[in-house]
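>>> 3D model of this:
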Amino acid sequence: MKIDVKHIAQLSRISLTDEELKKFTPQMETILESVDVLKEVDTKDVEPMKGHVKLKELREDISGRSISQEEVLKNAKFKENGCVKVYGKIFDGSKDS
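You can find the predicted model right below:
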């Protein structure tokens, strides 16, 4: 299965080097092919799941004071369209920003 990782990266606003594209493209294709195998599984005699599995008790959802968009943005180094703009460098472990 062919996939255009460069186009997906552009839509996600992620810049990838040529080296990363060469690395990620076959990985994504393998993932999609693996998921495609599930289409071959015969599920006609399998009953749909009618509930959820309760893993643990959740805390009560208590609403509280939220900060305004203006408060969030006032100390942001980079902003775009009313949002904090985050660059990929932050996630790759480098300390530059």
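>>> quick one: low-confidence parts of the protein?
By pLDDT under 70, the weakly predicted segments of the chain are 1, 53, 88-97.
>>> same thing but at 90, please
1-3, 35-41, 43-44, 46-63, 65, 75, 77-78, 85-97 (pLDDT under 90).
>>> Got the domain ranges for it?
Using automatic domain parsing, the domains assigned to the chain come out as 1-39, 68-97.
>>> Just say which of those is most tucked in.
Each of the domains of the chain was given a mean neighbour count from mean count of other C-beta atoms under 10 Å, and the largest, a mean of 12, is that of domain 1-39. C-betas here are computed from N, CA, C, even on glycine.
>>> to the chain's geometric centre, what's the distance from it?
13 Å (C-alpha atoms, centre = their mean, to the nearest Å).
>>> Out of the domains of the chain, flag the one nearest residue 51.
Across these, residue 51 has its closest neighbour in domain 1-39 (21.8 Å, C-beta to C-beta).
>>> Can you tell me which helices and strands whichever strand or helix holds residue 8 packs against?
Assignment of secondary structure by DSSP states H and E places residue 8 within helix 5-11. Here helix 5-11 is seen to pack against helix 18-36 when contacts are counted using 3 or more C-beta pairs under 8 Å, 6 or more residues apart in numbering; DSSP states H and E.
>>> Centre-most residue in this protein?
Nearest residue to the geometric centre of the chain (C-alpha atoms, centre = their mean): residue 12, 9.2 Å.
>>> and that residue, what are its phi and psi?
When read as degrees, to the nearest 10, the backbone of residue 12 gives phi -90, psi 0.
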